[in-house]
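K.L.:
model the following, please.
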Amino acid sequence: MNELIVKTLPSKLPRVAVYLDADMKKDLETLAKLDKRSVSNLIYAWVVDNIESAKRDGKLSDRALQPKGHE
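P.N.:
Numbering: from 1, shown residues only. Next up is the predicted model:
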């Protein structure tokens, strides 16, 4: 897995919210605990991995992840 940067709160980064049923939330918390991560960090890692995979598969261009001003 990629090396991740852990940021302290509060962050000025955009937020994303997701609604899960109670069982899914409990399972997610268990997975995070097993991986010694916070739930947010676990989800971040999954997002990074999936975006990189989509880029490798040609589903996303390299420009899709560049910060504004770096086009």
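K.L.:
low-confidence ranges in this protein?
P.N.:
1-9, 62-71 (pLDDT under 70).
K.L.:
buried stuff in stretch 35-47?
P.N.:
For stretch 35-47, a neighbour-count test (16 or more other Cβ atoms under 10 Å) marks 37, 41-45 as buried. (Glycine included, C-beta is placed from N, CA and C.)
K.L.:
and it, C-alpha only, in PDB?
P.N.:
Output of stretch 35-47 as PDB, limited to C-alpha atoms (Å, rounded to 0.1, in the frame of the first residue of the first chain):
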ATOM      1  CA  ASP A  35      -5.000  -2.300  10.200                       C
ATOM      2  CA  LYS A  36      -4.100   0.100  13.100                       C
ATOM      3  CA  ARG A  37      -5.700   3.000  11.300                       C
ATOM      4  CA  SER A  38      -8.500   5.400  11.900                       C
ATOM      5  CA  VAL A  39     -11.600   4.800   9.900                       C
ATOM      6  CA  SER A  40     -10.900   8.100   8.000                       C
ATOM      7  CA  ASN A  41      -7.400   7.000   7.200                       C
ATOM      8  CA  LEU A  42      -8.500   3.600   6.100                       C
ATOM      9  CA  ILE A  43     -11.000   5.100   3.700                       C
ATOM     10  CA  TYR A  44      -8.400   7.500   2.400                       C
ATOM     11  CA  ALA A  45      -6.100   4.700   1.600                       C
ATOM     12  CA  TRP A  46      -8.800   2.800  -0.200                       C
ATOM     13  CA  VAL A  47      -9.700   5.900  -2.200                       C
END
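K.L.:
make 28 the first number, not 1, from now on.
P.N.:
All right, first residue 28 from here; so that's stretch 62-74.
K.L.:
quick one: that stretch to chain centroid distance?
P.N.:
From the chain centre to the centre of stretch 62-74 is a distance of 7 Å (Cα atoms, centre = their mean, to the nearest Å).
K.L.:
filter the buried residues of stretch 62-74 down to just the ones in strands.
P.N.:
When DSSP state E is applied, the buried residues of stretch 62-74 are split such that none fall in strands.
K.L.:
and of those residues, the nearest to residue 40?
P.N.:
Minimum separation from residue 40 among these (Cβ to Cβ) is found for residue 71, which lies at 10.0 Å.
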